[in-house]
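K.L.:
give me coordinates for this.
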Amino acid sequence: MATIMDGKALAAEIDKTTTVRIQRLADQGIVPGLVVILVGDDPASKIYVRNKERRAKKMKINSIVRNLPDTISEADLIKIIQTYNENPTIHAILVQLPLPAHINEFNVTNAIAPEKDADGFHPTNIGKLVINHTEKTPIACTPQGIMSIFNAYHIDLDGKKAVVVGRSTIVGKPMAALLVNANATVTVAHSHTHNLSQLTREADILVVAVGIAKYIKEADVKSDAVVIDVGMDRDVNGKLVGDVDFAEVERKASYITPVPKGVGPMTITTLISQTVALAEWSSEKNG
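P.N.:
The predicted structure follows:
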């Protein structure tokens, strides 16, 4: 049976360290400021934003949520972002994805100042990640949270064969870059990949982010693999499950993240920690 990697407990430990950092900033008269911009009424996005807001307020961060109608123009959205770029009390800006079809996500992401990029999606920050020049650089929160899980459970990535199933800019691509930077040998699989199961069965490290409930089965996993499940899906009964069939794969893996209480809590904790880091870096720059 696999060791279950408890993201919720790890997140709580990281939050303790983050709280100390927040107090140090408070002693300097600085309150980390995070603004989350939500366009439209996507139900999943609203849940994510609400969870982020709750955690931020609990951690005594200045959290602002801007709810905007899905009819807003791209130009007007970018103007709003620019006002926060110029606001010295706001250290981190996050635009919740996905955006309505008439708004270009790249243009919006590119409008966020790189030094206020809470999600780590700005092209400048993605470029620094790819070339492994990440000092004082924000990194996509879910992959960064996963790296914290690997570190906490002493998972050695050096030389290991890693397979990332999913190629999104939110998880798959930055996850692959982080694994490469950690000296893993990385394959990125996706909807056009042939013989996917053959690939996943060879992985020492398997990260799954496809958005399909229980997509990865026991037969798709190598014995004693480390399995990271990024999925947040609903099964036929409405129960929250992951992209990995946990009951099956737990019997075969050496380590596995559950859903819930696995990667999800680490994503939000990493967002808060990164917001604090952006405030710290800003203080150093302007101090």
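K.L.:
contact partners for Pro114?
P.N.:
Pro114 makes contact with His122, Thr124, Asn125, Pro138, according to Cβ atoms under 8 Å, 6 or more residues apart in numbering. All C-beta spots, glycine's among them, are computed from the backbone N, C-alpha and C.
K.L.:
measure it to Ser168 for me?
P.N.:
Pro114 sits at a distance of 20 Å from Ser168 (criterion: Cβ to Cβ, to the nearest Å).
K.L.:
also Gly127?
P.N.:
Where Ser168 is concerned, Gly127 sits at a distance of 17 Å (Cβ to Cβ).
K.L.:
so which of these two has more stuff around it?
P.N.:
When Gly127 and Ser168 are compared for neighbours, Ser168 comes out ahead with 17 against 12, by other Cβ atoms under 10 Å.
K.L.:
just confirm that one is within a strand.
P.N.:
No - the assignment for Ser168 (DSSP: H, G, I helix; E, B strand; the rest coil) gives coil, which keeps it out of a strand.
K.L.:
that one - nearest residue in space that isn't next to it in sequence?
P.N.:
Leaving aside its chain neighbours, Ser168 sits nearest to Ala209 (6.7 Å; criterion: Cβ to Cβ, 6 or more residues apart in numbering).
K.L.:
over to Thr137?
P.N.:
By the measure of Cβ to Cβ, 6+ apart, the closest residue to Thr137 outside its immediate chain neighbours is Lys128, 4.6 Å from it.
K.L.:
just the pLDDT for that neighbour.
P.N.:
In this model, Lys128 is scored at 98, pLDDT.
K.L.:
what's the offset of the host helix or strand of it from the middle of its chain?
P.N.:
Element membership for Lys128, per DSSP states H and E: helix 123-130. Centroid separation for helix 123-130 versus its chain: 15 Å, with Cα atoms, centre = their mean, to the nearest Å.
K.L.:
show me the contacts for Val35.
P.N.:
By Cβ under 8 Å, 6+ apart, Val35 lies in contact with Ser63, Ile64, Val65, Arg66, Tyr84, Ile90, Ala92, Ile93, Leu94.
K.L.:
would you verify that Val164 is located in a strand?
P.N.:
Yes - the assignment for Val164 (three-state DSSP) places it in a strand.
K.L.:
what's the least confident helix or strand in this structure, going by average pLDDT?
P.N.:
helix 43-58 (a mean of 88; mean pLDDT, DSSP states H and E).
K.L.:
show residues contacting that one.
P.N.:
When contacts are defined by Cβ under 8 Å, 6+ apart, helix 43-58 is touched by residues 34, 36, 38, 63, 65, 94, 96-98, 268-269, 271-272, 275.
K.L.:
at 10 Å instead, please
P.N.:
Outside of helix 43-58, the residues within contact range by Cβ atoms under 10 Å, 6 or more residues apart in numbering are 11, 15, 19, 32-34, 36-40, 42, 61-67, 92, 94, 96-99, 118, 141, 232, 264-265, 267-269, 271-272, 275.
K.L.:
show the buried residues in those residues.
P.N.:
Of the members of those, the ones counted as buried by neighbours, 16 or more other Cβ atoms under 10 Å, are 11, 15, 32-34, 36-40, 42, 61-66, 92, 94, 96-97, 99, 118, 141, 232, 264-265, 267-269, 271-272, 275.
K.L.:
from the residues you listed, which ones fall inside helices?
P.N.:
Counted as lying in helices by DSSP state H, out of the buried ones among the contacts of helix 43-58, are Ala11, Asp15, Cys141, Gly264, Pro265, Thr267, Ile268, Thr269, Leu271, Ile272, Thr275.
K.L.:
what pLDDT does the second one get?
P.N.:
Model confidence at Asp15, expressed as pLDDT, equals 97.
K.L.:
so it touches Ser273, yeah?
P.N.:
Yes - using Cβ atoms under 10 Å as the test, Asp15 is close enough to Ser273 to be in contact (8.2 Å).
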